[in-house]
Each structure stands twice: as C-alpha cells, then as structure tokens.
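Participant: could you look at this predicted model? Sequence included:
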Amino acid sequence: MNAVVRVQEVAAEQPDTLAGSGLDAPAPGEQLATYALELRGWAIGEAEPAVEAEVMHDGQALRRVPLDVSRPRLAATHPKANGRTEIGFATAQSALALPPGFELEIRAVLESGGRAPMALLRGTREPVRTGFETDLQPLMLTTLGITFSTARTVSSRLVSVVASAPGANQRTKVKAIQLRKKFIFLPTLPSAKGR
C-alpha cells in the first residue's frame, strides 16, 4: 500500500471538565492510502453534557460535529452519562487542507459552550502527485491605471513580442483580464502536443 497519510502520534488528554473521552480512530502508527482522515471518538462531560466535538488546527476550527453516535455499552460504564447513549462522534477531515506535517487538536464542546481538550493528533501527509506535465512557462504582466482601449493596444503589442518567442506560432494569444482597475495580461503558447 502506498500510504499518503501517516498518523505518528495520538495523545489522549483528560481535563477535569470531562468524566471521560477517547479518540478511537485513527490509531498511532496508522497509514492511510487516501487523504481522508477518519476521526471517531466519544466524550462525556463532568458537570454538564458534552454536545459536540471540534477539530482544530493552528487555533482555527476546521469542523464541529454533534455527539450523535450511540455508544450504549460505553455510556453504561460512566454514571455521568446520565442515561444518554449518544456520546460518540464520527467525521472525516481532508488531509489536503493541512500542511505536510500537521497537528490536530480534538476538543469536546460542552453544553454551555466551553471547550475541553480530548486528544492531540500528529501526522504527516504526502504531496499530491499527478502525471500532468506542461512545457508552458506562464508570463504575467500587471499594469495600473489604463483603459480598456489601451489594454487592447498593450495586448496586441505583447502578442507580437510573445509570438517571436521560441516555440510560438500563429496560435499564440494574449488574454487581458480586468481586475479592479488593473489589467492582467496572460500570454499563452500552444502546448507541445498542439504544435
């Protein structure tokens, strides 16, 4: 299996505000063949119910999911569950939204809105690799304070400059894009397949 995500460490945390919690998946050392990081766990509040789980990265909440997965046997072992069996959560987090070396904090959200840390997950992900290769070298020229008619003149002159570049031909084009009083000129050369 070609692993693209590796879970290096999962460290459980047990603050006073939780009677119990756990992160069941992923497990430390787990290697995943996809970029989907499945997160499953549970939480029971000490003085008030835990109602959601929150996934954090670099101080930013990536997602919040309700504790809506029934875990009756686990709930029966904790008196603070007060008969509630829906103490679990399950969600997936894309590792593509994370840096190559990442750290996620999983927190319980209490009924009052307070937060309680449940687990810290550290891992790595591989970059996305594709078979796509291009021989184009994009060129971008940005100008300020010109009108559209001036942009057309600049565009046509730029075409003549770009057309004289190695590999250019009569299909060489320059696209002028206007963004808030700025024009961006994007000359394009045909790909090697189109020559």
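Facilitator: Yep, that arrived.

Participant: show me the shaky parts of this structure.
Facilitator: Along the chain, the model assigns pLDDT under 70 to residues 1, 133-152, 154-195.

Participant: okay, strands next: where are they in it?
Facilitator: Here the chain has its strands, by DSSP state E, at 5-12, 18-25, 31-32, 36-45, 50-57, 60-66, 69-70, 86-94, 101-110, 115-125, 141-144, 173-179, 182-188.

Participant: what angle do the second one and strand 86-94 make?
Facilitator: Pointing back at strand 18-25 there. 40 degrees (axes from the mean of the first three to the mean of the last three C-alpha atoms, to 10 degrees).

Participant: ok, now the fourth one?
Facilitator: Angular relation of strand 36-45 and strand 86-94 on a 0 to 180 degree scale: 150 degrees, by the same axes, to 10 degrees.

Participant: before we move on, back to that, need the strands of the chain in a markdown table with distance to residue 76, can you?
Facilitator: Backbone N, C-alpha and C define where each C-beta goes, glycine included. What follows is the strands of the chain, written out as a markdown table (distance: least, C-beta to C-beta, whole Å):
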| stretch | distance to residue 76 |
| --- | --- |
| strand 5-12 | 21 |
| strand 18-25 | 12 |
| strand 31-32 | 32 |
| strand 36-45 | 11 |
| strand 50-57 | 17 |
| strand 60-66 | 21 |
| strand 69-70 | 12 |
| strand 86-94 | 11 |
| strand 101-110 | 19 |
| strand 115-125 | 20 |
| strand 141-144 | 65 |
| strand 173-179 | 60 |
| strand 182-188 | 63 |
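
Participant: residue 79 is nearest to which of those?
Facilitator: Among those, the nearest to residue 79 by C-beta to C-beta is strand 18-25 (7.9 Å).
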